[in-house]
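**Q** attaching a predicted model along with its sequence, questions to come.
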Amino acid sequence: MSNLYIVLTISIWMCGTCTLQSGADPGPLYTLYNDLLERYKPYIRPRKNPNDTVDVVVSYSIASVEALDEDTQTVASSGVVLFTWTDELLTWNSSDYGGIKFINVPVDKLWIPDVSLTNGLEDISLILPDGEIARVINDGQVMWYHGMKKRTKCPLDMTKFPFDTQTCSIRLIQWVTVISQVNVTAGGVNIESSLFQRNGEWEITDKSKDTIVHTYTDVYIQTEIIFTFVFKRKYLYYIITNIIPVMLLSVLNLGVFLLPPESGEKVSLCISIVLSYAVFLSVIGGSLPQVSDTVSIFSIYLLTMLLLKVATTLITVFVLKVYHKTTEEAVYMSHRESLIKGHIQDNSKPNFEQDSALVKQQTTEKERDKQLANKLNKIGFTTVFLLTTMITFLCFALMLKES
């Protein structure tokens, strides 16, 4: 009997020890998470009074600009959206939990604002967490950093290409809730310097934010937030590869008028310049935007320069026609006289005075045609030079003019 008593006493002691060990204090952090999230419902607005409005501040920091596509008129960019609001159901006294002032909670376990991207290339959809963590402070403030890499629509104005600036935006709007339930306002718009990756073709010159309230009915009122960025194209590449070669070909085109007509190479030089320009235009066409909504001034400039080179070729042909007019007629008359002398036998002495007068007349006409050709050549040079200069100055003045 005594042995049975001893065994029962030891068993009760061991069970008590296990109970004490299993009921040990897990620590204030565990207790805090358990007290906050045990009965928390993420689909209920975080207000004790259901008539109160949740104020959500949305900020955006751009991290990189991958590309601006002129053909599809879209911009590919990445950034960080910061959502900040106060959750009345996630407050605690830090002194009751070992001085803990903030905790990190998975976003999918919290209530989040229903905000969607409206100008994305894909379908409109809610911004949802993707394994992200939110920071919750003991006064109920929640901060959720959401990384967003999207391709958004951006109407591009290519009039001043390659000295153009483009204005693109990120547009966010409420999805289901209305302004009386969730009031979304624009916070800051920044360039995240620690994460920003520079683009080789574009640079950001300005940024702004705006809040638009859409009133559909007396009750259904929603807020749209717009973060706008101004991109300026880096034009050095286009100056080296497009603008300077076009100007050099225009200067070379003027050299046609400086070449003497008797060299016989004026037309060849004209054709070579036109062919070179045509080949170069096909190369430039690959870098020009293929859009028809707005026509680039530079494209009009290239077309005008091509017309001037074609006009130069026609002027050169006309000048050579005038220059060699007397020579062609003299050859024709000489051939005609030889045929006549072959059929008419005349034993009379040649009339040297008539031959001398004919030669003198032909020489005078030839000199006159040469002077006319040289005069037309100078007029053509001056006209093409002035047109080239004026068109170039006008086009680049329009492209460089501030909007």
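**A** On my side now, so go ahead.
**Q** who touches the residue positioned nearest the centre of the chain in this structure?
**A** For the chain, Leu68 is the residue whose C-alpha lies nearest the centre (Cα atoms, centre = their mean; 3.5 Å). Neighbour list for Leu68: 74-76, 154, 156, 166, 168, 201-202, 231 [criterion: Cβ atoms under 8 Å, 6 or more residues apart in numbering]. Backbone N, C-alpha and C define where each C-beta goes, glycine included.
**Q** wait, doesn't Pro113 sit right on Val54?
**A** Yes. Counting by Cβ atoms under 8 Å, Val54 is a contact partner of Pro113 at 7.4 Å.
**Q** what touches both of the two?
**A** 85, 182.
**Q** these two: which is more packed in?
**A** Higher neighbour count among Pro113 and Val54: Pro113, with 21 against 18, using other Cβ atoms under 10 Å.
**Q** tell me the contacts of that one?
**A** 54, 56, 58, 83, 85, 174, 177, 182, 184.
**Q** run a quick neighbour tally on the residue nearest to Thr118 when sequence neighbours are not counted.
**A** In space, and not counting its chain neighbours, Thr118 is closest to Arg171: 4.6 Å by Cβ to Cβ, 6 or more residues apart in numbering. Arg171 has 18 neighbours, counted by other Cβ under 10 Å.
**Q** give me the beta-bridge partners of Arg171?
**A** According to DSSP bridges, the residues that bridge with Arg171 are Ile226.
**Q** if we can go back for a sec, the residue nearest to the centre of the chain: which element?
**A** Here Leu68, judged by DSSP states H and E, is contained in strand 54-69.
**Q** where does pLDDT dip in the stretch 201-350 of the chain?
**A** Within the stretch 201-350 of the chain, the stretches with pLDDT under 70 are 287-289, 291-292, 326-350.
**Q** the helices in it, which residues?
**A** Assigned by DSSP state H, counting those that start in this stretch, the helices in the stretch 201-350 of the chain fall at 236-238, 244-258, 266-287, 297-323, 325-343.
**Q** for the fourth one, packing partners?
**A** When you say that, I think you mean helix 297-323. helix 244-258, helix 266-287, helix 352-400 (3 or more Cβ pairs under 8 Å, 6 or more residues apart in numbering; DSSP states H and E).
**Q** check the third one too.
**A** The criterion is 3+ Cβ pairs under 8 Å, 6+ apart, and the helices and strands that helix 266-287 contacts are helix 244-258, helix 297-323.
**Q** any idea of the angle it forms with helix 297-323?
**A** Helix 266-287 and helix 297-323 are oriented at 170 degrees to each other (axes from the mean of the first three to the mean of the last three Cα atoms, to 10 degrees).
**Q** buried sites along helix 266-287?
**A** 266, 269-270, 273-274, 277, 280-281, 284 (16 or more other Cβ atoms under 10 Å).
**Q** what is the nearest of these to Leu249?
**A** Using Cβ to Cβ, Tyr277 comes nearest to Leu249 of the buried residues of helix 266-287, at 5.4 Å.
**Q** quick one: residues contacting the closest one.
**A** Counting by Cβ under 8 Å, 6+ apart, Tyr277 has contacts 249, 305-306, 309.
**Q** wait, which of the residues you listed is closest to Lys207?
**A** The shortest gap between Lys207 and any of those belongs to Met305, at 37.8 Å (Cβ to Cβ).
**Q** so who does the closest one touch?
**A** With contact set as Cβ under 8 Å, 6+ apart, Met305 has these partners: 246, 249-250, 277, 388, 391.
**Q** so it versus Thr312, what's the distance?
**A** 10 Å (Cβ to Cβ, to the nearest Å).
**Q** try Ile391
**A** Taking Cβ to Cβ as the measure, Ile391 falls 14 Å from Thr312.
**Q** neighbour count for the two, which is higher?
**A** Thr312 (24 against 17).
**Q** got the contact list for the more buried one?
**A** Counting by Cβ under 8 Å, 6+ apart, Thr312 touches 253, 256-257, 270, 273, 380, 384.
**Q** helix/strand/coil for Trp83?
**A** One correction, residue 83 is Phe, not Trp. Per DSSP: H, G, I helix; E, B strand; the rest coil, the secondary structure class of Phe83 is strand.
**Q** that one touches Met148, doesn't it?
**A** No. Contact criterion Cβ under 8 Å: Phe83 and Met148 do not qualify, at 11.4 Å.
**Q** of the contacts of Leu68, select the buried ones using a PyMOL command.
**A** Per 16+ other Cβ under 10 Å, the buried members of the contacts of Leu68 correspond to this PyMOL selection:
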select buried, resi 74+75+76+154+156+166+168+202+231
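**Q** follow-up on the earlier one: which of the contacts of Met305 sit farthest apart?
**A** Tyr277 and Ile391 (14.6 Å).
**Q** list the buried ones in stretch 214-228?
**A** Buried positions in stretch 214-228, judged by neighbour count with 16+ other Cβ under 10 Å: 222-227.
**Q** quick one: end-to-end distance for that stretch.
**A** Start-to-end span of stretch 214-228 (Cα to Cα, to the nearest Å) is 19 Å.
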